[in-house]
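this one's structure only:
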């Protein structure tokens, strides 16, 4: 995910990003996090390859990203029902389409 500075360098301010998200051109799981529109499905599919349940650290390594990105992305996947957070903070992929 590009940093806020990089997005500004590209000329993508808040109104432009909001319009892109509404049009389905980007995924914004949290403020300051901008991902490709298919990132949720792709992430769920990649996470399904891990031993279930998996930790945040395992997800971060599998997705090749930072905690800054993986935490909001996992929360987004939970809200969409693609993953489920367990009481011990591990998660499991729940979407059959992602498996």
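The structure has been received and is ready for your questions. On a predicted model such as this, the values are computed, not experimentally measured, just so you know.

next helix or strand past the strand or helix carrying residue 40?
Following DSSP states H and E, one finds residue 40 within helix 39-48. Toward the C-terminal end, the helix or strand that comes next after helix 39-48 (DSSP H and E) is helix 56-63.

mind listing what's buried in that following helix?
By neighbour count with 16 or more other C-beta atoms under 10 Å, helix 56-63 contains the buried residues 58, 59, 60, 63. Bear in mind the C-beta positions are built from the backbone N, C-alpha and C, glycine included.

My guess is the first one contacts residue 46. True?
No. Under the criterion of C-beta atoms under 8 Å, residue 58 is not in contact with residue 46, lying 10.9 Å apart.

between the helix holding residue 40 and helix 56-63, how big is the angle?
For helix 39-48 against helix 56-63, the angle between stretch directions is 110 degrees (axes from the mean of the first three to the mean of the last three C-alpha atoms, to 10 degrees).

now the buried residues of helix 56-63 as a markdown table including distance to residue 3 and pLDDT?
As requested, those are exported to a markdown table (distance: C-beta to C-beta, whole Å; pLDDT from 0 to 100):
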| residue | distance to residue 3 | pLDDT |
| --- | --- | --- |
| 58 | 24 | 98 |
| 59 | 20 | 98 |
| 60 | 17 | 98 |
| 63 | 17 | 97 |
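
I'm done for today, thanks for sticking with me.
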